[in-house]
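A.B. asks: build me a model:
(one chain, ligands or ions: 1)
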Amino acid sequence: MASTMEWINNMVRVKAERAAALVAAGKVTATVLPGLYVVTGRQHYCVDLDRQNCTCPDHQRGNRYCKHLMAATLYHAQRRAA
Ligand SMILES: [Zn+2]
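C.D. replies: Residues are numbered from 1 along each chain as shown. Presented below is the predicted three-dimensional model:
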C-alpha cells in the first residue's frame, strides 16, 4: 500500500512529466509581459508566474500546481539558463 507521501510524490512526478512534455512540444509561449505565459493544452491558458496563477479549470478548482503553471515555470527557468 502506497503511503500518502508516495502518492503525492507520484502525482507531482506525473505532472512534472506532463509539464516537461508541454515545454518540449513548444506549447509554452512567452508574452510581452514578464512572467506571463500562454500554455496551450485543450485550450489556451494564461499563466502568471508572479501571482502563481493559471486560468485553467484545474487551477480554479484549487489545484495550485497545475501542469500549465509547472510548464511555464520550467520554460521560464530554461530561458533564464540559456
Ligand atoms: Zn493550469
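
A.B. asks: ok, and for the helix or strand hosting residue 39, which residues are buried?
C.D. replies: For residue 39, the host element (DSSP states H and E) is strand 36-40. Along strand 36-40, these residues count as buried under the neighbour rule (16 or more other C-beta atoms under 10 Å): 36, 37, 38, 39. All C-beta spots, glycine's among them, are computed from the backbone N, C-alpha and C.

A.B. asks: any residues touching stretch 28-44, and which ones?
C.D. replies: Residues outside stretch 28-44 that contact it (C-beta atoms under 8 Å, 6 or more residues apart in numbering): 22, 27, 45-50, 54, 56, 67-68, 71-72, 74-76, 79.

A.B. asks: from residue 45, how far off is the nearest residue to residue 69 once chain neighbours are set aside?
C.D. replies: Of all residues not flanking residue 69 in the chain, residue 54 sits nearest, at 4.8 Å (C-beta to C-beta, 6 or more residues apart in numbering). From residue 54 over to residue 45 the distance is 6 Å, taken as C-beta to C-beta, to the nearest Å.

A.B. asks: residue 28 too?
C.D. replies: 10 Å.

A.B. asks: re earlier: I'd like the distance between the residue nearest to residue 69 and residue 3.
C.D. replies: 28 Å.

A.B. asks: next to the ion, which bits of this protein? Give me the list.
C.D. replies: Counting by C-beta under 5 Å from the ion, the positions of the chain adjacent to the ion are 45, 54, 56, 59, 66, 68.
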